[in-house]
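Student: give me coordinates for this.
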Amino acid sequence: MRLKTFECKACGALVFLNPKETRAPSCPICRTWMEEIEASEEGKLVEHEYPECGYEFCSQENLSPYKCPNCNFTFVITPKKKGEERL
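Tutor: The predicted structure is shown next:
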């Protein structure tokens, strides 16, 4: 199945959604709205499912999501960020 590709116009993050998804997500990193782009090389993808709303999407393995693209669920601090929280 070919996934829809969305790119954040502020930070460049890519997310991949099920083709049946009709609404553009907000960026899971900086919260800016994303725009659909032509399918890109996906590479290795990581699946994410948010416990608050059940929203599912895929990202490239180097993207560490901070917020849910659908609701306002915030992930716990990442292991790389030991001394501060991301806002």
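
Student: skipping adjacent residues, who's closest to residue 51 in space?
Tutor: Distances taken as Cβ to Cβ, 6 or more residues apart in numbering put residue 73 closest to residue 51, at 7.1 Å, once the chain neighbours are dropped. The way it works is simple: take the backbone N, C-alpha and C, and place the C-beta from them, glycine included.

Student: from what I can see that neighbour touches residue 52, true?
Tutor: Yes. Assessed by Cβ atoms under 8 Å, residue 73 is found in contact with residue 52 at 4.0 Å.

Student: the two: who's more crowded?
Tutor: Between residue 73 and residue 52, counted using other Cβ atoms under 10 Å, residue 73 has the larger neighbour count: 14 against 11.

Student: for that one, what are its contacts?
Tutor: Going by Cβ atoms under 8 Å, 6 or more residues apart in numbering, residue 73 touches 50, 51, 52, 53, 67.

Student: the same query, at a cut-off of 10 Å, please.
Tutor: 50, 51, 52, 53, 55, 65, 67 (Cβ atoms under 10 Å, 6 or more residues apart in numbering).

Student: same check, this time on residue 28
Tutor: Per Cβ under 10 Å, 6+ apart, neighbours of residue 28: 8, 13, 15, 34, 48, 50, 57, 59, 63-70, 75.

Student: at 6 Å instead, please
Tutor: By Cβ atoms under 6 Å, 6 or more residues apart in numbering, the contact set of residue 28 is 65, 67, 69.

Student: over to residue 50?
Tutor: For residue 50, the contacting residues are 68, 73, by Cβ under 6 Å, 6+ apart.

Student: any idea how far it lies from residue 20?
Tutor: Distance, residue 50 to residue 20, using Cβ to Cβ, to the nearest Å: 17 Å.
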